[in-house]
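> A predicted structure for the sequence below; I have some questions about it.
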Amino acid sequence: MQRLDRPYLTHSFSMAALYCLAVSVSMGVALVSISKLLVVLAIAAKLVSLWRARQLRFVKSGYITFTAIAAGLAWLYLSLLWSEGGDGERMVSFMRHARLWVLPAVYYLIETRRDALKILVAFVVGQMFVVLSSWFLWLGVSLPWAITEFPLSAGIVFTSTLEQPVMSTLMLVMVWFLRAEIPQKWRQTVVITMLALTISNVFFVMTGRTGYLVMMLAISLAIFWLLPKKFRPAVVFLPIVIALTLGLVSTRFQTKMTEIKRDVLEYQNGNFDTSQAQRLDYWAKSLQAVQDKPLIGHGVGSWRVNYLRLGGADQVNPPSNPHQQFLLWMVEGGLIGLAFLLTIFATIYRDSGQLDSSAQQALRATLAITILMSMMNCPLFGAGMGEFILLMMGALLATNQRQ
């Protein structure tokens, strides 16, 4: 993006808003909502400041990700015209999709590469606070800021067994791929300490199956880019080796893998009371809904209605999504909606090619983790997790700005 010659007057406020967002994404939905309000105010203040300085103009960008996001959201908004969802659910669902605006908003407020790196440092500090707090909980130390929904041994601080290990893994992606930005004097100590604390926390304290998978993917990608090109194809076997090793040394990993097999068998026998069985039922009913309206879908906010219409498993309060990002966009926006989602992912990958190698690898690893998670959950639809990912992507795209 072409930047203006003189800094706008509200730059300090913009950075403060982004710092708040970078820290709050690790600490719960309430703080994230407040921080997003600050970001909105920062954008408004920047626009007013530039207008008063007569510098407000159309800003060109070499990135097409922003256009893809705008087009995808426009299609979902258009689908309100034929949505089968309830009156309240339709707009709520669209607003949850619309958190994609966080990515271009973060990029717009960042003026320089140095600003982008500062935001990423705040992001890492916030998540490392979570990792350290998790270890204290696991050791039996009760912390006043930690939620009480889980036993201390689970090590969950602010979010859930799904989100926390994924967030920790994404933080480690930043530390590893951008390690050259750490002063040489402290680099080795900082990187090794963070690797040890975070990887062991995810594999031996956490119980989220998605967390295990994304950490294995992150480790595999890190090794992939370390190896000479002729040896990189062998990395495809690394997740299998890691899984087999964890099966021998991690009791929690063993338990969770055994539960998957048990839940699938329960689903085959007609029992929908397990986590995996419910997810499989969500997916099956989603595919049926897609078959009914394959091209344009049933409209934003319509997933729950169609799940119940198609005889979904008896639940007191079915979720608002099928725990699968691609299926959600297919049910609500049809194959056209799916094409928009895939385009967003493809443009992020394409635009990462404009970054230096370290930021490029960090963004592509983040994208790979997001896609993997999207196969089992809706990371860009959920509060907190979505902002966490989009903040990272926006700040990484902004690292190509002037010094």
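That came through, no problem. The structure presented is a predicted model; accordingly, all values stated were derived computationally and were not measured.
> quick one: the strands in the stretch 201-350 of the chain?
Here the stretch 201-350 of the chain has no strands by DSSP state E, counting those that start in this stretch.
> show me where pLDDT drops low in it?
Filtered on pLDDT under 70, the stretch 201-350 of the chain yields the residue ranges 270-272, 313-316.
> same deal with the stretch 51-200 of the chain?
Applying pLDDT under 70 to the stretch 51-200 of the chain flags residues 57-61.
> please enumerate the helices of it.
Remark: helices assigned in the stretch 51-200 of the chain by DSSP state H, counting those that start in this stretch are 65-78, 87-97, 102-109, 113-138, 163-177, 184-204.
> from these, which stretch is densest packed?
Most buried of the helices of the stretch 51-200 of the chain, by mean neighbour count (mean count of other C-beta atoms under 10 Å): helix 163-177, with a mean of 25. Any C-beta I mention is one placed from the backbone N, CA and C, and that applies to glycine too.
> what helices or strands is that helix leaning on?
Contacts defined by 3 or more C-beta pairs under 8 Å, 6 or more residues apart in numbering; DSSP states H and E place helix 163-177 against helix 113-138, helix 184-204, helix 209-226, helix 357-374, helix 385-397.
> avg pLDDT for the shortest one?
Throughout helix 385-397, pLDDT has a mean value of 94.
> related to what we said a few turns ago, in CSV: the helices and strands packed on helix 163-177, plus distance to residue 98.
Listed next are those as CSV, based on distance: least, C-beta to C-beta, whole Å:
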stretch, distance to residue 98
helix 113-138, 22
helix 184-204, 30
helix 209-226, 24
helix 357-374, 17
helix 385-397, 10
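> and of the ones you listed, who's closest to residue 90?
Ranking the helices and strands packed on helix 163-177 by proximity to residue 90 (C-beta to C-beta) places helix 385-397 first, at 18.7 Å.
> with just CA atoms, put the closest one into PDB.
Taking Å, rounded to 0.1, in the frame of the first residue of the first chain, the C-alpha atoms of helix 385-397 are listed here in PDB:
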ATOM      1  CA  MET A 385     -10.400 -17.200  17.700                       C
ATOM      2  CA  GLY A 386     -11.300 -15.400  14.500                       C
ATOM      3  CA  GLU A 387      -9.800 -12.100  15.700                       C
ATOM      4  CA  PHE A 388      -6.700 -13.900  16.800                       C
ATOM      5  CA  ILE A 389      -6.000 -15.300  13.400                       C
ATOM      6  CA  LEU A 390      -7.000 -12.200  11.400                       C
ATOM      7  CA  LEU A 391      -4.900 -10.000  13.600                       C
ATOM      8  CA  MET A 392      -1.800 -12.100  12.800                       C
ATOM      9  CA  MET A 393      -2.500 -12.100   9.100                       C
ATOM     10  CA  GLY A 394      -3.100  -8.400   9.000                       C
ATOM     11  CA  ALA A 395       0.100  -7.600  10.900                       C
ATOM     12  CA  LEU A 396       2.100 -10.000   8.800                       C
ATOM     13  CA  LEU A 397       0.900  -8.500   5.600                       C
END
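> what's the offset of the helix or strand encompassing residue 34 from the middle of its chain?
In the assignment (DSSP states H and E), residue 34 maps to helix 29-52. Computed by C-alpha atoms, centre = their mean, to the nearest Å, the separation of helix 29-52 from the middle of its chain amounts to 21 Å.
> what's in contact with that helix?
Helix 29-52 has contacts (C-beta atoms under 8 Å, 6 or more residues apart in numbering) with 4, 8-11, 13-14, 16-18, 20-21, 24-25, 56, 102, 105-106, 108-109, 383-384, 387.
> narrow the residues you listed to those that are buried.
Neighbour counting with 16 or more other C-beta atoms under 10 Å marks 8, 10-11, 13-14, 17-18, 20-21, 24-25, 102, 105-106, 108-109, 384, 387 as buried within the contacts of helix 29-52.
> now the residue lying farthest from the centre of the chain: how far from residue 392?
Taking C-alpha atoms, centre = their mean, the residue of the chain most remote from its mean C-alpha position is residue 54, at 37.1 Å. To residue 392, residue 54 is 34 Å away according to C-beta to C-beta, to the nearest Å.
> and if you look at residue 279?
Computed with C-beta to C-beta, the distance linking residue 279 and residue 392 is 26 Å.
> and if you look at residue 398?
From residue 398 over to residue 392 the distance is 11 Å, taken as C-beta to C-beta.
> next one: stretch 362-369 to chain centre, how far?
Distance, stretch centre to chain centre, for stretch 362-369: 10 Å (C-alpha atoms, centre = their mean).
> who touches it?
With C-beta under 8 Å, 6+ apart as the test, stretch 362-369 has contacts from 166, 169-170, 173-174, 177-178, 214, 217-218, 221-222, 345, 348-349, 352, 355, 389, 392-393, 396-397.
> now with 7 Å, please.
Outside stretch 362-369, the residues that touch it by C-beta atoms under 7 Å, 6 or more residues apart in numbering are 169-170, 173-174, 177-178, 214, 217-218, 221, 345, 348-349, 352, 355, 389, 392-393, 396.
> now swap in stretch 205-217 and tell me
Stretch 205-217 is contacted from outside by 134, 138, 154-155, 161-162, 164-166, 169, 199, 202-203, 239, 242-243, 252-253, 256, 260, 368-369, 372-373, 376-377, using C-beta under 7 Å, 6+ apart.
> is it true that residue 107 touches residue 392?
No. Taking C-beta atoms under 7 Å as the definition, residue 107 is not a contact partner of residue 392, at 11.6 Å.
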